[in-house]
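[1] Sequence and computational prediction follow.
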Amino acid sequence: MGSNMTELKCILWDVDGTLADTERDGHRVAFNRAFEEAGLDRRWDVATYAVLLKVTGGKERMKFDIERGGMPDMPYKKIVELHARKTIHYQTLIADGLIPLRAGVRRLLEEAYGAGITLGVATTTTPAALDALIEHSLGREWFDRFAVLAAGDIVPAKKPAPDIYTYAMQQLGVAPENTLALEDSGNGFLSAQAAGLKCVITINDYTANQNFEGADLVVSEFGAAGRNAVDVLINKHDLTGLHCVTLAHLKAIVAAV
Ligand code: XBP
Ligand code: MG
C-alpha cells in the first residue's frame, strides 16, 4: 500500500438494524410489554413504530410519542421507569434467542478482527441492551474483541448528532480518516457523516426508503458466499466483486479519494 493511501484501522458498528434486526421483534415488543405491564393502553404496531423510529433512543422515542399525542403525558421519571422495564423485557427476548445476527455480520466481524482492525460499537441503545445482544447473539468473547462499546446516554446528544462516533474515536485514539462506520439508518448515516466518517449502509425494511445520498456503499445486507448476491443501491467508488461485502471492499472505500 502506498504511503499516500489512507489505511483502514478501525471499524465502528452500529447495533440496532446493523448487527441484527432488533427493532420490530425486539425493542418494539419490549416497549409494548412495558406499556401493558404498567396498565397503559398504548401499543406500538409495526407501522406506528416506523414513524417513531425517526427519533433515536427509547426514552426520547416515548417522549416524542407523548408530544404527538400517542401516549398520555407523564413525568420524565415515569418515562425512565417504563424504559428500565422495557430494557428488562428486551433482555429476555434476546436471551430467548429470538434475534439472530444479520447475514454476513459474523463473517465480516471475524475477518476484520483476524486482520487486526480495531473494532468498536457506536450505538444509541442502552448499554444493558447491547450487552444482552453481545452475550446471546454474538458470543461473550466479543466483549473483549470490541475495543470500545459506546452506547446510550454516555453522550447527551444521540444520533443523528455525531457525538457517539466522536466519543468512540476519542476513546480509541483513531482518526476519522482511518475509520469506517457501518450503519442501517438515515439517522446513523447523518451521525457518522457529521463525525467525518465514511459510511457503509445495510438497509432493512424500516430504513430502505430513507435518504442515503452521499453514502459510500449502500447494500441490502453484507451477504455471504452461499446466499444470493447482495443488492447494491449506491456504489460510490465503483467497487467490483460485490457478491458479498468483504474487508477488501471496506479497505478500498477508506483508501478511495
Ligand atoms: C437504535 C435506537 C435505539 C433503539 C432502542 O439505535 O434508536 O434507541 O431503538 O434502544 P442504533 P433503547 O441503531 O444506533 O443502535 O430503548 O435502549 O434506547
Ligand atoms: Mg441502527
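    Perfect, thanks for sending it. Numbers count the residues shown, from 1 in each chain. Ligands and ions are numbered 1, 2, ... in the order given.

[2] can you pull out the strands in the stretch 101-250 of the chain?
    Along the stretch 101-250 of the chain, counting by DSSP state E, counting those that start in this stretch, strands occupy 118-123, 146-151, 179-183, 198-202, 217-219, 232-235.

[3] So which of these is nearest Lys59?
    Closest to Lys59 of these, according to Cβ to Cβ: strand 146-151, at 13.6 Å. Where you see a C-beta, it was placed from the backbone N, CA and C, and this is true even at glycine.

[4] which residues touch the residue nearest to Tyr49 when sequence neighbours are not counted?
    The shortest distance from Tyr49 to any non-neighbouring residue, by Cβ to Cβ, 6 or more residues apart in numbering, is to Arg28 (4.7 Å). Residues near Arg28 by Cβ atoms under 8 Å, 6 or more residues apart in numbering: 44, 46, 49.

[5] returning to what we had before: mean neighbour count and distance to Asp73 added to the strands of the stretch 101-250 of the chain, as CSV?
    Shown next, in CSV, are the strands of the stretch 101-250 of the chain (neighbours: other Cβ atoms under 10 Å; distance: least, Cβ to Cβ, whole Å):
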stretch, mean neighbour count, distance to Asp73
strand 118-123, 23, 28
strand 146-151, 20, 28
strand 179-183, 27, 33
strand 198-202, 25, 36
strand 217-219, 24, 39
strand 232-235, 14, 40
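
[6] Export those strands to CSV and append columns for mean pLDDT and distance to ligand 2.
    Formatted as CSV, the strands of the stretch 101-250 of the chain follow (pLDDT from 0 to 100; distance: least, Cβ to the ion, whole Å):
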stretch, mean pLDDT, distance to ligand 2
strand 118-123, 98, 7
strand 146-151, 98, 12
strand 179-183, 99, 6
strand 198-202, 98, 10
strand 217-219, 98, 14
strand 232-235, 98, 17
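
[7] Narrow the contacts of Arg28 to those in helices?
    In helices, defined here by DSSP state H, the members of the contacts of Arg28 are 46, 49.

[8] so which of the contacts of Arg28 is the most crowded?
    Neighbour counts for those (other Cβ atoms under 10 Å) peak at Trp44, which has 22 neighbours.

[9] isn't that residue right up against Phe31?
    Yes. Counting by Cβ atoms under 8 Å, Phe31 is a contact partner of Trp44 at 5.7 Å.

[10] Look up how far ligand 2 lies from the residue in the stretch 1-150 of the chain that ligand 1 sits nearest to.
    Of all residues in the stretch 1-150 of the chain, the one sitting closest to ligand 1 is Gly58 (2.1 Å; Cβ to the nearest ligand atom). From Gly58 over to ligand 2 the distance is 13 Å, taken as Cβ to the ion, to the nearest Å.

[11] again with Tyr113
    21 Å.

[12] So for the residue in the chain positioned nearest to ligand 2, what's the pLDDT?
    Nearest residue of the chain to ligand 2 (Cβ to the ion) works out as Gly17 at 3.7 Å. Listed pLDDT for Gly17 reads 98.

[13] what do you get for Ala225?
    For Ala225, the model assigns a pLDDT of 91.

[14] picking that back up, distance to ligand 1 added to the strands of the stretch 101-250 of the chain, as CSV?
    Formatted as CSV, these follow (distance: least, Cβ to the nearest ligand atom, whole Å):
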stretch, distance to ligand 1
strand 118-123, 3
strand 146-151, 8
strand 179-183, 8
strand 198-202, 11
strand 217-219, 16
strand 232-235, 19
